[in-house]
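Participant: have a look; sequence and predicted model below, questions after that.
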Amino acid sequence: MIRDNSEQFLKYLEVEKNASPHTVKNYREDLAQFAAFVEKHAQDSGTQVTAAGIDHFMIRRYIVALQGHNYAKRSVARKLATLRSFFRYLIREEAVKADPMSGVSSPKLNKPLPKFLDVNEVAKLIESADAGDTAGLRDRAMMEVLYSGGIRVSELVSLDCGDVDIIGEVIKVKGKGKKERLAPIGGKAAAALTEYLKARNAGENAVFLNKFGGRMTARSVERMLQKYLKKAAIDKKISPHALRHTFATHMLDAGANLRVVQELLGHKNLSTTQIYTHVTAEKLKKVYDKAHPRA
């Protein structure tokens, strides 16, 4: 019964909420794990448990079981978030009357501050790409656009030629939930894109192409970045997403309004963007501690 409810919920996520395949996959795995736990409990107790029969005591037993298998706090919190969404859906569908999650708290997490590069490191990284061949021009353009536009790597690799306005220095990106937004890019990114588009094979719809002429993948962008981090002698564990963090941090450091940065990043909630204020505050504190005689 719970597995049937789960399939209905997953279909709702796909069709009505336009959730990404990655999100649906994670929800599917979490719900399957919970269903297996409930089924084992039902088998051990000799009773049949439906979604309507699950209470907060059952959820608490599930948390204890997860902790017994040494799941990290973050993993437990994500699985509980999945169940909260699941039971909210069941209540709306009138499949259950009471929410068993209402008496359950998620474990408190320490949010790690996002990693980022300083301005000089960004310049070293981008300039380490050889502008003498098409692959180097492509790599430089990708890094410029990631940093200048603050876009996600998934948004970068899904760019089509029709999404790029070189003269207006703006690109149209497809964000989470299939939402589109316009992202400004700087003059250097526009120039790098122009040079790359001149050099690459014409006629392809995707902007960034691999050596076989197909669309670049997020994984190939990750490998590309690691190559140039090594070449530029930047000893930091940085992912393509860190260039998005770098964009936001540098914008706020330069005095950009938080809500403007929220719009540029395509964040739905301001609270998601506010983590970058902690980054800038940490930086200010370090400067203060170093400079003030009585710090």
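Facilitator: Received the coordinates, thanks. Numbers count the residues shown, from 1 in each chain.
Participant: looking at this, residue 228 is in a helix?
Facilitator: Yes: under DSSP: H, G, I helix; E, B strand; the rest coil, residue 228 falls within a helix.
Participant: so who does it touch?
Facilitator: 125, 128, 129, 139, 143 (Cβ atoms under 8 Å, 6 or more residues apart in numbering). For the C-beta atoms, the positions are set from N, CA and C on the backbone; glycine is no exception.
Participant: tell me the two of those that are most distant?
Facilitator: Greatest spatial distance in the contacts of residue 228: 125 and 139, 10.2 Å, computed using Cβ to Cβ.
Participant: that older thread, show me the contacts of residue 228 that map onto strands.
Facilitator: Using DSSP state E, no member of the contacts of residue 228 falls in strands.
Participant: wait, which of those is closest to residue 196?
Facilitator: Of the contacts of residue 228, the one sitting nearest to residue 196 (Cβ to Cβ) turns out to be residue 139, at 8.9 Å.
Participant: surely residue 14 touches residue 24?
Facilitator: Yes: the criterion here is Cβ atoms under 8 Å, and residue 14 meets it with residue 24 at 5.7 Å.
Participant: got the contact list for residue 12?
Facilitator: residue 89.
Participant: what do you get for residue 90?
Facilitator: Residue 90 neighbours (Cβ under 8 Å, 6+ apart): 5, 9, 51, 96.
Participant: quick one: the helices in the chain, in order.
Facilitator: With helices called from DSSP state H, the chain shows them at 2-15, 21-45, 56-68, 73-92, 119-127, 134-149, 153-157, 187-199, 218-231, 240-253, 258-265, 270-273, 275-291.
Participant: out of those, which gets the lowest mean score?
Facilitator: Comparing mean pLDDT across the helices of the chain, the weakest is helix 275-291, with a mean of 70.
Participant: mind putting the helices of the chain into CSV with distance to residue 179?
Facilitator: What follows is the helices of the chain, written out as CSV (distance: least, Cβ to Cβ, whole Å):
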stretch, distance to residue 179
helix 2-15, 15
helix 21-45, 14
helix 56-68, 32
helix 73-92, 19
helix 119-127, 27
helix 134-149, 15
helix 153-157, 11
helix 187-199, 22
helix 218-231, 19
helix 240-253, 16
helix 258-265, 12
helix 270-273, 14
helix 275-291, 21
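Participant: for residue 212, which of those helices is the nearest?
Facilitator: When the helices of the chain are ranked by proximity to residue 212 (Cβ to Cβ), helix 218-231 comes first, at 10.8 Å.
Participant: got the angle for the closest one vs helix 240-253?
Facilitator: Here helix 218-231 runs at an angle of 70 degrees relative to helix 240-253 (axes from the mean of the first three to the mean of the last three Cα atoms, to 10 degrees).
Participant: quick check, pLDDT for the residue of the chain positioned farthest from its centre.
Facilitator: No residue in the chain sits farther from the centre than residue 46, which is 42.6 Å out by Cα atoms, centre = their mean. Residue 46 carries a pLDDT score of 75 in this model.
Participant: quick one: it and residue 40, what's the gap?
Facilitator: 12 Å (Cβ to Cβ, to the nearest Å).
Participant: OK, contacts around residue 8?
Facilitator: residue 93.
Participant: the spatially closest residue to residue 17 that is not a sequence neighbour: neighbour count?
Facilitator: What sits nearest to residue 17 in space, not counting adjacent residues and going by Cβ to Cβ, 6 or more residues apart in numbering, is residue 177, at 7.2 Å. Residues near residue 177, counting by other Cβ atoms under 10 Å, number 12.
Participant: burial of the residue nearest to residue 9 when sequence neighbours are not counted, as a residue count?
Facilitator: Sequence neighbours aside, residue 89 is the residue nearest to residue 9 in space, at 5.0 Å (criterion: Cβ to Cβ, 6+ apart). The number of residues packed near residue 89 is 19, by other Cβ under 10 Å.
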